[in-house]
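Asks: Requesting a structural model of the entry that follows:
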Amino acid sequence: MKQLKGLVVGAGYFSRFQYEAWSRIPQVKIVAALNRTVSKLEDIQRAFKIPRIAPLAELEDVIKTEQADFIDIVTPPESHLEIVRLAA
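Replies: Purely as a prediction, here's the structure:
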């Protein structure tokens, strides 16, 4: 089976549960994590061995360069529409 490449958007409290869950699925590799504040991603990057972190403003570029299969949005609900529009 092909390994799926994913992006995760978010670095708040709940996001750690998502990153941890993804790390337990061998068929999934999180290739990048994005957040409005990149410094909040540094611990997550080290803990879960994520190759790339970037500001949310670079989402379109990260999608193109990483060729992700999916995006996991782990941000407050009111921000989801904006992120989906950037990803579309």
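Asks: C-alpha only now, for contacts and for neighbours.
Replies: Fine.
Asks: Worst mean pLDDT across the helices and strands of the chain, which element?
Replies: Ranking every helix and strand in the chain by mean pLDDT, DSSP states H and E puts helix 80-87 at the bottom, with a mean of 91.
Asks: And that one, what does it pack against?
Replies: helix 59-66 (3 or more C-alpha pairs under 8 Å, 6 or more residues apart in numbering; DSSP states H and E).
Asks: For stretch 44-54, list every residue counted as buried.
Replies: When neighbours are counted by 16 or more other C-alpha atoms under 10 Å, the buried residues of stretch 44-54 are found to be 44, 45, 50, 52, 53, 54.
Asks: mind listing what the fifth one touches?
Replies: Taking C-alpha atoms under 8 Å, 6 or more residues apart in numbering as the criterion, residue 53 is in contact with 32, 33, 34, 38, 41, 42, 45.
Asks: Please name the residues that touch the second one.
Replies: Taking C-alpha under 8 Å, 6+ apart as the criterion, residue 33 is in contact with 7, 8, 9, 10, 41, 45, 50, 52, 53, 54.
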